[in-house]
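Chemist: Let's see this in three dimensions:
(chains A and B, ligands or ions: 2)
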There are 2 protein chains.
Amino acid sequence: RPRNEVLFFPSELACVEHLYTLPASAAPSASAAPSHSCLCSLPHGVETSFSRFLRHLMSASSSLDLCVFAFSNMDLSRAVLVLHSRGVTVRVLSDKDYIAITGSQIGVLRKAGICVRSNRNSVHMHHKFAVVDGRLLLTGSLNWTLNAVQNNMENILITEEPDLVRPFIKEFGRLWEHSDPV
Amino acid sequence: RPRNEVLFFPSELACVEHLYTLPASAAPSASAAPSHSCLCSLPHGVETSFSRFLRHLMSASSSLDLCVFAFSNMDLSRAVLVLHSRGVTVRVLSDKDYIAITGSQIGVLRKAGICVRSNRNSVHMHHKFAVVDGRLLLTGSLNWTLNAVQNNMENILITEEPDLVRPFIKEFGRLWEHSDPV
Ligand SMILES: [Zn+2]
Ligand SMILES: [Zn+2]
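Modeler: Ligands and ions are numbered 1, 2, ... in the order given. Reported below is the predicted structural model:
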């Protein structure tokens, strides 16, 4: 039975430090291990919408295809960098105009050696979806910004249903072919 | 087997006139009947992402719960008005700040007697989802604007999967309770 889950935002604040060191093999349903070693001031051992989202993202073991209009969230940028360093094949497609904006993490990703492309025409790239290991779709209204996570009413739908995942994989491939390296 | 479908935008342009007069009982999979009587200059008898979307929306026979940040698209506004006139119970939740913007259709809906509410706090209401007859979820990146439909790269995911629809119904109810009439 394919996994189906919906997350709503704004998310409560909680420490997500432990999620960056989780092995990719840890199931997203694994309990949130409290970070005994973390000294930050955020609550620990608390599962939130954001930690669920991050957990699914960090579960990538072979590939991450990311198609997102706005990407300035540093926690999410760190997640993508960690996955890249683990050997996960990361492809990032972002909006041409947004990439140049202050706080955009796209330059950071690119400098780390991650393949980044943007739409070559003036059409706004307004998607916010990710496909993990060609199997798990994360999509919704949430841009990858701090504001979206902490301040906005947003949703992320998570599914393994092939009839829903397949079209997104196909559309990512199509857009990737029609985009230029940043 | 629950219906699952994904639509991508920008949509081609085509006449959707005939969809407003379809009986609610017509299945969304019914073929697009060409509007022999329509004299407009748009292509006829062509199925597009937008016509698929509109077709699902117009299939509402008892209720439509709509939670959308930006609502200025006149074709979609007309759809909601037609459903309301057919006796479908329509509830619209929209963003407090966006409602006041030029071109917003929220005032038109309210004047027609449709229940409209908006968030009472300063949190941005960034959702773009609709639940048809408490059964069919339409959600994605697409705001209900002309720009989103015709110019942007956007997605709408359509599903009857209860594990995905149920959380959105619950969240709509929660937000509705915490919102004020416009
Ligand atoms: Zn901590
Ligand atoms: Zn026509």
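Chemist: Name the residues that touch the lowest-mean-pLDDT helix or strand in chain A?
Modeler: In chain A, the helix or strand scored least confidently by mean pLDDT, DSSP states H and E is helix A:96-99, which has a mean of 84. With CB atoms under 8 Å, 6 or more residues apart in numbering or on different chains as the test, helix A:96-99 has contacts from A:69-71, A:104, A:106-107, A:118-120, A:122, A:124-125, A:182. For the C-beta atoms, the positions are set from N, CA and C on the backbone; glycine is no exception.
Chemist: Now do the same contact list for residue A:179.
Modeler: For residue A:179, the contact set (CB under 8 Å, 6+ apart) comprises A:93, A:117-120.
Chemist: could you redo the last one with a cut-off of 10 Å?
Modeler: A:67, A:91, A:93-94, A:96, A:116-121, A:125 (CB atoms under 10 Å, 6 or more residues apart in numbering or on different chains).
Chemist: now residue A:144
Modeler: With contacts defined as CB under 10 Å, 6+ apart, residue A:144 is in contact with A:53, A:66, A:68-73, A:75-77, A:79-80, A:94, A:105, A:128, A:130.
Chemist: any idea which of the contacts of helix A:96-99 is closest to residue A:136?
Modeler: residue A:71 (19.1 Å; CB to CB).
Chemist: which phi and psi does the nearest residue to the closest one once chain neighbours are set aside have?
Modeler: Excluding the flanking residues, the one nearest residue A:71 by CB to CB, 6 or more residues apart in numbering or on different chains is residue A:144, at 4.4 Å. Taking degrees, to the nearest 10, you get phi -90, psi 60 for the backbone angles of residue A:144.
Chemist: Now do residue A:144, the pLDDT please.
Modeler: The score at residue A:144 is 95. That number is its pLDDT.
Chemist: still on that earlier bit, wait, which of the contacts of helix A:96-99 is closest to residue B:57?
Modeler: Distances from residue B:57 to those, taken by CB to CB, are shortest for residue A:124, at 22.8 Å.
Chemist: Closest one of the contacts of helix A:96-99 to ligand 2?
Modeler: Ligand 2 has its nearest neighbour among the contacts of helix A:96-99 in residue A:124, at 27.0 Å by CB to the ion.
Chemist: ok but residue A:170 is inside a strand, no?
Modeler: No - read with DSSP: H, G, I helix; E, B strand; the rest coil, residue A:170 is helix and lies in no strand.
Chemist: give me the number of residues near it?
Modeler: 12 (other CB atoms under 10 Å in any protein chain shown).
Chemist: What of residue A:54?
Modeler: Neighbours of residue A:54 (other CB under 10 Å): 22.
Chemist: Show the backbone phi and psi for it.
Modeler: According to degrees, to the nearest 10, residue A:54 has phi -60, psi -40.
Chemist: Quick one: residues contacting the residue of chain A found nearest ligand 2.
Modeler: Proximity of chain A to ligand 2 (CB to the ion) peaks at residue A:123, 25.1 Å away. Listed by CB under 10 Å, 6+ apart, the contact set of residue A:123 reads A:95-96, B:9-10, B:150-153.
Chemist: Tell me the one among these nearest to residue B:135.
Modeler: Of the contacts of residue A:123, the one sitting nearest to residue B:135 (CB to CB) turns out to be residue B:9, at 23.6 Å.
Chemist: Tally up the residues packed near the closest one, please.
Modeler: 24.
Chemist: Enumerate every residue touching the residue nearest to it when sequence neighbours are not counted.
Modeler: Leaving out its chain neighbours, the residue that sits closest to residue B:9 by CB to CB, 6+ apart is residue B:154, at 4.0 Å. By CB under 10 Å, 6+ apart, the contact set of residue B:154 is A:69, A:124-128, B:7-11, B:49, B:128, B:140-143, B:147-148.
Chemist: can you tell me which helix or strand residue B:154 belongs to?
Modeler: strand B:154-159 (DSSP states H and E).
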